[in-house]
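Visitor: Prediction below, plus the sequence it came from.
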Amino acid sequence: MNELAASLAMRARRLGRRVLSRPRIDLPLAIGLLILALIGLTVLYSASNLDAGTLAGQATRFAIGAILMLAISRIPPNLLRAWTPWFYAIGVLLLVVVKVLGEGQGANRWLDIGVVRFQPSELMKLAMPMVIAWYLHPRPLPPRWRDLALTGVLIAVPAYLIIKQPDLGTALLVAASGLFVWFLAGLQWWKIGGALVAVAAAAPVAWHFMHDYQRQRIITFLHPENDPLGSGWHILQSMIAVGSGGMFGKGFNQGTQSKLEFLPEHTTDFIFAVLGEEFGLVGVLVLLLVYAFIVGRCLWIAANARDTWSRLVAGAFALAFMVYVIVNGGMIAGLLPVVGVPLPLVSYGGTSAITLLAGFGVVMSIHAHRKWTP
Amino acid sequence: MNVRDELKDDRARRARFGRRALAGFAIMLALVMVVAGRFVYLQVFQHTEYSTRAKANRVRLKHLPPPRGLIYDAAGKLLADNVPAFRLDVVPDKVEHMHAMLRQLSAVVPLTDDDIRRFQQSLKQHRPFDAVPLKFRLTESERDSFAINQWRFPGVSVAPYLTRNYPYGAAFAHVIGYVGRIDEREEQRLDPDRYAGSTHIGKTGLEKEYENLLHGTPGYEVVEVNANQRPLRVLQRVAAKPGKNLYLTIDERLQHAAIAALDGQTGAAVAIDPRNGNVLAMVTIPSFDPNLFVNGISQADYTALLDNPEKPLLNRAMRGGYPPGSTIKPFLGLGGLELGLRKPADTVLSTGTYYIPGSSRGYRDDTRHGAGRVNLMQAITQSVNTYFYSLAYQMGIKRFDEWMGKFGFGKPTGIDLPDETGGVLPSPEWKRKTFKQPWYPGETVISGIGQGYWMVTPLQMAHALAALAGNGQSHTPHLLAATSDGLGAPEVPYPQPKPVQITHDPADLAAVKQGMLGVVYSPQGTAYASGIGKGFPYLIAGKTGTAERYSRTTDAYNTNKNLAYLASRHRAWFTAYAPADHPQIAVAVVLEHGAWGGSAAAPIARKILDQWLADTPPSERPPITVTAHAAPAAASGTTTAPTTP
């Protein structure tokens, strides 16, 4: 018994030493993420009115995420690939559990497991590209109609469950991360174009079937001044925050819009506006540049990966990551309607940060094992 | 595919992926450029304007929750209204140490553990800059002592609001229901714009059913504030649109008459107007005070309600399932006529025990040696089991279910209240689903007298009786008669579903009615002894029911005639409608601890009829003519002792 414990302890120590001494990380990507995390913590500290508790909480999440990232980066991609269907199944199962529990009691998006509360829909953002890539990788590419139909079902099921939570914004992003796999797998341009035309054609039909309040949301987005209640008010205040920031911003902790509470949700969905107000256009551009660098690096890793699955997963994850930034930025700047999408690794929130870092762990594993033959 | 092809394929895939990744990156960069361009536009070109607006940003938005619609009875008496009250609000962002603040505050304004628990729950549901209610319905002295100490508690304020009040308390608790604080689950489901500033929502009863009508549309105030966030003046005000007022079919006097008639006995009574399905009274005893729930019931009060063995929270009128016993006999008898199985004059010999042909298992009549030869009218009047045993057997369970189902047994009536139950109409399908067992012919037989698996709610019973009374026309029972946009606005009738015609031959209905008149007026009638027909200006058609809660397994039943003993085993029913010739009210009464339907439940039904029909002027009363229900026409007695169904 003792021997077993001793040998286990020794193995654990050895593994730990190996991880630390020869971490299989991609240095440029790691540096990019580190810069992003520092920017995120700075803005969050200001947005939370210099609340040390909030800062410590977010830093802890980053630490947990970083450890998870390092651990995952050591797992060979073909093992990750083999686990993918289970990962996806668990994700869908958790969505169903949330749905069922949500009927009986409390929240509809959150799963409460004692100490931690997390959102299974966030998990899906990673599981989705993994499973679509898992399905497509042994099959002829570009995907045939039959494969498109089957993966379409894999995309639609969780998306439907998330729509019913109801969280339309997250559902669209989860679906997008699956659709990016199609795109990277070489889906013909004419099919992509056709799909876009079909969506555009369906919009007036959808408008016809919408409830009055849903139409109201869209009208509000188009003319925020007309309806200062609710979302229109938020867009307006957000644009005032960003616009008043100017070229160089009002300085750290000097933003009046967030300090005087005109800005809603200023530590979560609207944190980009705090950055825009306090650090100005320069801050915004630096942040966008960091994001673009991270995404570009991930795509480069994807292009140099060994096998189809790795390429598709890393590529789709990177593109989806960029979309989160674009959607959040678009909302802040009044280009898109208000949807509850956080700014990745900057907004306050647990599941999102940890899942994203786990995703980067997968990318790093792909990078580290690029020369490794199965 | 050989290795070379595979390599070639992989190379092709890699190249294609490279192109796609590049294309994807280009698209993303283009979109980022669009966003960046927008930031440039806002921060460089529009900077001056937004900078000015930020400095002038002294404008706050205040939500104005709409006043909830009022609820009136049929005579215009107020059953649910809004009364002004004050509450303590807390803005979490402005409180530095919540725990310490709550502790200090509770020395000024008493806060119970319940208050604090609820407050901490709702803290999680609100954004930190939104006011969260801490304590509702402050007393005057609480308000005074807080006002003196307010400076110590930044972020805490007294806010006026309208609170729901139910003037008649327990009398309508199971009908009107109550409103309560919006909980986390509701918060997620609700349209945040429509419920901005609202704290309460309908939780049960009509308050829940018609939440959409009652709630209204919120308004808002655009308020200018100074740098310390103090309001200076109102720049713009859009008034809230109050919810619709509801006018009910229920009558407060009749409701109270029914409550008085039940006199605290556990049970329920439902009265319906057979002409239109209007629910006139709907009483459950015991009940509870809905006002307790409005601002959060205390744990002690709630435990007391839950621990009460008579379950005051159970809405017996529409969720209590009782075996209907003999009250279903008129419906079954009518089915025999309408399906052409029997004629009104056909007789059956009752010997005290009924046997399924070819079987030795006996089914009892109520009297030991039977009632002799009886036709339909006598069978209803005297509640002769054998007649209905044989009729049910002859009809067969399939036709039995089909026919009884038309009266709404076994499914919810569709009344405009949430969570109604449908009871049980015994059927082979139901038994297979519930017990995974086959159906036995004996179960068809006992179903014929309302025993066995039968479960009926008092509402279902009144609904079925109303169809019988209303010339075989079944109206969906309903409580809401009309709505209006406010005081003085016209009342708009609320649309109701079309009635369904169940029966076809008026002569069949007349025969059943004769039997039910006999129950009350014939010396052999099961309710005759109670004297409920005496001194009443109209004819009453009725039916008793005494259902056994347990099957008879010992002989104790036959020897022990102690009423308290019987009451513990029996459910007593009485169903009645009046005036028999042009019915205006159909009543079903059930007592959970009644010994016999005729003696215990019938007088209660009579008191309800008294209240409803007593004020009618004598000129409109029909003449009292007790017709041919005394002696059945013995001549026409073609015996139909059914042999095979």
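Guide: Great, that's in hand. Numbers count the residues shown, from 1 in each chain, chains lettered A, B, ... in the order given.

Visitor: Next up, the contacts around residue B:500.
Guide: Contacts for residue B:500 (Cβ atoms under 8 Å, 6 or more residues apart in numbering or on different chains) come out as B:406, B:473-474. The way it works is simple: take the backbone N, C-alpha and C, and place the C-beta from them, glycine included.

Visitor: same thing with residue B:101?
Guide: Going by Cβ under 8 Å, 6+ apart, the list of residues near residue B:101 reads B:95, B:153, B:155-156.

Visitor: Let's have the contacts of residue B:500 in TSV, adding secondary structure.
Guide: Shown next, in TSV, are these (DSSP: H, G, I helix; E, B strand; the rest coil):
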residue	secondary structure
B:406	helix
B:473	strand
B:474	strand
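
Visitor: Looking from chain A, tell me which residue of the stretch 1-150 of chain B is nearest.
Guide: Residue of the stretch 1-150 of chain B nearest chain A, by Cβ to the nearest Cβ: residue B:50 (2.6 Å).

Visitor: remind me which residues of chain B are low pLDDT?
Guide: For chain B, applying pLDDT under 70 flags the ranges B:1-7, B:58, B:125-129, B:226-230, B:549-569, B:615-645.

Visitor: per-domain residue ranges of it.
Guide: Taking automatic domain parsing as the reference, chain B has its domains at B:3-57, B:61-248, B:252-290+B:311-478+B:503-617.

Visitor: could you check whether the last one is close to chain A?
Guide: No - for domain B:252-290+B:311-478+B:503-617 and chain A, the contact criterion (Cβ under 8 Å from any Cβ of the partner chain) is not met; the two come no nearer than 14.7 Å.

Visitor: quick one on the thing from earlier: doesn't residue A:236 make contact with the residue of the stretch 1-150 of chain B closest to chain A?
Guide: No - the criterion here is Cβ atoms under 8 Å, and residue B:50 misses it with residue A:236 at 10.2 Å.

Visitor: neighbour count winner among the two?
Guide: A count of neighbours by other Cβ atoms under 10 Å in any protein chain shown puts residue B:50 above the other of residue B:50 and residue A:236, at 22 against 18.

Visitor: Tell me the spacing between the more buried one and residue A:254.
Guide: 15 Å (Cβ to Cβ, to the nearest Å).

Visitor: Same question for residue B:281.
Guide: To residue A:254, residue B:281 is 68 Å away according to Cβ to Cβ.

Visitor: These two: which has the busier surroundings?
Guide: More crowded of residue B:281 and residue A:254, by other Cβ under 10 Å: residue B:281, with 28 against 13.

Visitor: That one falls within a strand, correct?
Guide: Yes - judged by three-state DSSP, residue B:281 forms part of a strand.

Visitor: contacting residues around it?
Guide: B:250-251, B:254-255, B:257-258, B:269-271, B:608.

Visitor: ok, residue A:334 - contacts?
Guide: Contacts of residue A:334 by Cβ under 8 Å, 6+ apart are A:224, A:235, A:238-239, B:38, B:42.

Visitor: Also residue B:492?
Guide: B:482-484.

Visitor: Out of those, which comes closest to chain A?
Guide: For the contacts of residue B:492, the nearest to chain A is residue B:483 (19.3 Å; Cβ to the nearest Cβ).

Visitor: Skipping its backbone neighbours, what lies nearest the residue of the stretch 201-350 of chain A found nearest chain B in space?
Guide: In the stretch 201-350 of chain A, the residue that lies nearest chain B is residue A:243 (2.6 Å; Cβ to the nearest Cβ). Once flanking residues are discounted, residue A:243 sits nearest to residue B:50: 2.6 Å by Cβ to Cβ, 6 or more residues apart in numbering or on different chains.
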